[in-house]
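>>> What follows is a predicted structure for the sequence shown.
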Amino acid sequence: MSDTILSATALERSFVAKQHVVHALGPVDIEVSRGEFVAIVGPSGCGKSTLLRIVAGLANPTAGQIQIRRADPLNPLCSMVFQDYGIFPWKTVLANVRFPLDIARVPRRRANEIAREWIERAGVQGFESAYPATLSGGMRQRVAIARAFVADPEILLMDEPFAALDAQLRLVLQQELLRVWEQSRRTVLFVTHSIDEALLLADRILVTSARPGRVLADIRVPFSRPRTRAVRATVEFGQLEEQIWQMLKGGVEDRGSDDAEA
Amino acid sequence: MTPRRERARDSGAVVTVTRAPAAVDVDPTRYARRRRAVGTVLAWGTPVLLILLWQIAASSGWIDVRFFPAPATVWKAGVAAFGNGTMTSAAEATIAKLLIGYGIGVIAGVALGLLLGLSWIARSSLEYTLIALYTLPKLALFPAFLLIFGIGWTPQVVLVGVSVFFIIVLATMTAVVSVEAGYRDAATVFGANRAQLLRHVILPAAMPAIGTAIRLTAGIGILVIVGIEMVSGSSGLGYLIFERAQVFDPATMYAGVIVAGLIGVIFTALVTLLLRCAIPQQRPRLRRR
């Protein structure tokens, strides 16, 4: 698994906001192997989302670069699960999940077939013709996940996908994501605030500092796959959680209440 | 509300607040059905009542029937005008001019509005010019239209089109510019090209705001066409209304006014219905209880 899919070198991004320059990210150097589930954990405003947006091609770095090695140039490169605004309110569940296939001009019948498969895997079957407004937050996020997988991308980007959900639903969807991901492993970059979520899902955790975001630590998660909720009860889990928390604590406390709103 | 509570506290009495199901909670379907029925009765009842009052006032001599003929008289005049074809051809002319002018105005307006919304070059070069033209009273341009397009339908159709066009352009442009960036991003990530972005995201996302402009301008279109027919040309309901007033035939005049009003109601309703099909995210949905 030393097949590198993504390597960022001296990557930086700054924003110009009302005359002064905000240095949001970097410089960071990151290497990600094909099929690896990488979680990025850090305080708010540390440029985690910016990193994902650069990988997705939605933003450019202001210095440094990212190189992505594609296995199959015909496949879509990235797909992304957003925290909100992800799925389109004017499309039915089926049309939303089918969207990447429509963009790729897959014939309608075949596209519907594949979309239905993923709808089932994501646990939203029976709601194919419903509009998002009639769905609960959890259902909508399942649709977003199904849509991200349907594209069959080389890199799956997830930007705090469960942040807007309640605690119980988060547990359920984390479990579901594990199940779906373990069936068809692909490279994932998963941004989260939750150390616990990162430990449960990822192979590797990048802990980042407060702005400008830098990689403080690159931690390999030792738990075997397939993984379940049960790993939370292990001693190692607690130790790792504490270790990461100690690293983050300084940055979070400095920022005080600023952190809570994001 | 407060005084009563104050009193209760003063007297030291124990106040029980009760939260119990109301009629709507006990049988929502029946409640909804009843509400719909009452709504329909009220919607039709108001005009019927007004006409009835008008009839009574006219037949009992409270109002001068030379200026305010009784509804029955207006009805008879209307039937006669439909019978000899004057009302029919007037209504047909008005509807035809309205449909052509409004249709062209809406289509051209949405098209240019999309272009302005999507391209900042187009927006930068045209936005303020369009706003300047928008604030110009269109009626002041009518003599120019007469000179350019001659007499007949064309200048009137153009006036309707122009009146509708500017509102639609500016509304569409604003709607496109304010589409949430998150929706664009979601489409971009999946590799949508410009045409796909427009079809799958920009147009449907902007449609509710564009729809509002389309609905409002339907009424404006009718106002403009009937108004301009009064001052120019010799066809349509506006002309009929004005001409009948001049020969002192108020009954037919009122009949014309009522037909114009009905066309307005039906036209707006049709536009609303069409828009409802075009905007799935706004379709009325079941309320969760």
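Ah, there it is.
>>> element containing the closest residue to chain A within the stretch 151-289 of chain B, please.
Scanning the stretch 151-289 of chain B for proximity to chain A using CB to the nearest CB identifies B:G182 as nearest, at 2.9 Å. Heads up, the C-betas are built off the backbone N, CA and C, glycines and all. When elements are assigned from DSSP states H and E, B:G182 belongs to helix B:181-189.
>>> Following the chain onward from that helix, which element is next?
Defined by DSSP H and E, the subsequent element after helix B:181-189 is helix B:194-197.
>>> Buried residues, that next one. List them.
B:196-197 (16 or more other CB atoms under 10 Å in any protein chain shown).
>>> So is that helix next to chain A?
Yes: shown here: helix B:194-197 in contact with chain A (CB under 8 Å from any CB of the partner chain) through B:Q196.
>>> Could you identify the helix or strand that succeeds the helix or strand of chain B with the lowest mean pLDDT?
Ranked by mean pLDDT, DSSP states H and E, the weakest helix or strand in chain B is helix B:2-11, scoring a mean of 53. Remark: after helix B:2-11, the chain's next helix or strand is helix B:23-26, criterion DSSP H and E.
>>> State the mean pLDDT of that next one.
Averaged over helix B:23-26, pLDDT sits at 84.
>>> Please state the offset of it from the chain centre?
Offset of helix B:23-26 from its chain centre (CA atoms, centre = their mean, to the nearest Å): 34 Å.
>>> what helix or strand does A:V28 sit in?
Short version: A:V28 belongs to strand A:20-33, going by DSSP H and E.
>>> just checking, next helix/strand downstream of that strand?
That would be, after strand A:20-33 and using DSSP H and E, strand A:37-41.
>>> so what does that following strand touch, helix or strand wise?
strand A:187-192, helix A:195-201, strand A:204-208 (3 or more CB pairs under 8 Å, 6 or more residues apart in numbering or on different chains; DSSP states H and E).
>>> helices or strands up against the first one?
This points to strand A:187-192. strand A:20-33, strand A:37-41, helix A:48-56, strand A:155-159, helix A:195-201.
>>> Output the below-cut-off pLDDT ranges for the chain.
I'll assume chain A. A:1-2, A:85, A:250-262 (pLDDT under 70).
>>> should've been chain B
B:1-12, B:284-289.
>>> Which positions in it make contact with chain A?
Residues of chain B lying close to chain A (CB under 8 Å from any CB) are B:180, B:182-183, B:185-192, B:196, B:200-201, B:204-205, B:207, B:279-281, B:283, B:285-286.
>>> beta partners for the residue nearest the centre of chain A?
Centroid check for chain A by CA atoms, centre = their mean gives A:M158 as the closest residue, at 1.8 Å. Counting by DSSP bridges, A:M158 forms beta bridges with A:V81, A:F190.
>>> Just to check, it is in contact with A:F190?
Yes: the criterion here is CB atoms under 8 Å, and A:M158 meets it with A:F190 at 4.6 Å.
>>> Not including adjacent chain positions, what is the nearest residue to B:Q55?
B:P71 (4.8 Å; CB to CB, 6 or more residues apart in numbering or on different chains).
>>> residue boundaries of the helices in the chain?
Went with chain A since none was named. A:48-56, A:93-103, A:108-121, A:137-150, A:167-183, A:195-201, A:235-255, A:258-261 (DSSP state H).
>>> The chain in question should be chain B.
B:2-11, B:23-26, B:28-59, B:71-83, B:86-118, B:120-135, B:142-149, B:153-177, B:181-189, B:194-197, B:203-231, B:236-246, B:250-278.
>>> and stretch A:93-103 with chain B, contact?
Yes: interface with chain B: stretch A:93-103 contributes A:99-100, A:102-103 (CB under 8 Å from any CB).
>>> quick one on the thing from earlier: ok, the residue of the stretch 151-289 of chain B closest to chain A touching A:P89?
No: B:G182 lies out of contact with A:P89 (CB under 8 Å); the separation is 11.6 Å.
>>> between these two, which one's more packed in?
A:P89 (17 against 12; other CB atoms under 10 Å in any protein chain shown).
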